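Participant: Here's a sequence, model it:
(3 chains)
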Amino acid sequence: MPKAGTSTARSEPQPLPPRSALPRRFFAADPEILARKLLGCTLVRILADGTRLGGVIVETEAYLGAIDRAAHTFGGRRTARNESMWGHPGIAYVYFTYGMHWCMNISAGALGDPVAVLLRALRPTEGLERMRELRAAGGRRKTPLADTELCAGPARLCQALAIDRSLDGLDLTAAGSPLFVERRKQDRVSDDQVARGARIGIAYAGDWAARPLRFAVRGSPFVSRPRL
DNA sequence: ATGACGATTTACT
DNA sequence: GTAAATCGTCATA
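Facilitator: Model prediction:
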């Protein structure tokens, strides 16, 4: 075996080979297309202390902008809060809701087109212990958190990955970003594994409430309730 | 300045 | 199944 001349001497074993963040062109798609493509991709969060948290995206929702009554940008509304939806594809739109929760979107389409994809659930794959701590956050809990409850919901996944206002507007495609998306062959989701249905929590949206703009991996126990 | 409302989660009946 | 928690944001005045 050729040990000679190997300059590959690795002093530190890497838990995983280095992977590159998906580039802007991946996100520059119609939100419906992007919502589908994001299934099976991995959301990665690097904490300030270097801890790496991550999970495979198993549920998303598309928000179609000015025409979409359920979107924060319906009617072309442009406010301080939703400014990130108007920005470059591949930036984070993180908003606060119900007086206590954060939710994360990825801006889609083109610059100036206020469309986005809401991340609703992950299958956690890295840093589960730290996620449990983040999800515990103060309040003691009646029952211990199952892995399937860690990131099953838009606010839950943000709490588990320490995503809040400080990450709003962050460019997920920038070098060294503490939040980005990867794609691995092994996690590829085929079309017959994709379930579609009505979006959650938008009953006020009239005709748009019934549109099948929610996407999920069929049969995944990591998807939020109600299951598709 | 004020009031109404959430792209939710949790606990409880 | 129902209800409470909890407050930033935005439209209206």
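Participant: Alpha carbons of stretch A:109-123, in PDB - could you do that?
Facilitator: C-alpha atoms of stretch A:109-123 as PDB (Å, rounded to 0.1, in the frame of the first residue of the first chain):
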ATOM      1  CA  GLY A 109     -37.200  34.000  -7.200                       C
ATOM      2  CA  ALA A 110     -35.300  37.100  -8.200                       C
ATOM      3  CA  LEU A 111     -34.200  40.200  -6.400                       C
ATOM      4  CA  GLY A 112     -37.300  42.400  -6.000                       C
ATOM      5  CA  ASP A 113     -39.700  39.500  -6.300                       C
ATOM      6  CA  PRO A 114     -41.100  39.100  -2.800                       C
ATOM      7  CA  VAL A 115     -41.500  35.300  -2.700                       C
ATOM      8  CA  ALA A 116     -40.100  32.800  -0.300                       C
ATOM      9  CA  VAL A 117     -40.100  29.200   1.100                       C
ATOM     10  CA  LEU A 118     -41.000  28.600   4.700                       C
ATOM     11  CA  LEU A 119     -39.000  25.800   6.400                       C
ATOM     12  CA  ARG A 120     -41.400  23.700   8.400                       C
ATOM     13  CA  ALA A 121     -39.600  20.600   9.600                       C
ATOM     14  CA  LEU A 122     -36.200  18.900   9.600                       C
ATOM     15  CA  ARG A 123     -35.000  15.400  10.300                       C
END
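Participant: do that stretch and DNA strand B meet?
Facilitator: Yes. Judged by CB under 7 Å from any atom of the strand, stretch A:109-123 comes into contact with DNA strand B through A:116, A:118. All C-beta atoms are positioned from the backbone trio N, CA, C, and that covers glycine.
Participant: buried stuff in stretch A:174-188?
Facilitator: Of all the residues in stretch A:174-188, those buried under the rule 16 or more other CB atoms under 10 Å are A:177-183, A:187.
Participant: Compute the first-to-last residue distance for that stretch.
Facilitator: Distance between the two ends of stretch A:174-188: 24 Å, counting by CA to CA, to the nearest Å.
Participant: model confidence over that stretch, on average?
Facilitator: In this model, stretch A:174-188 has an average pLDDT of 97.
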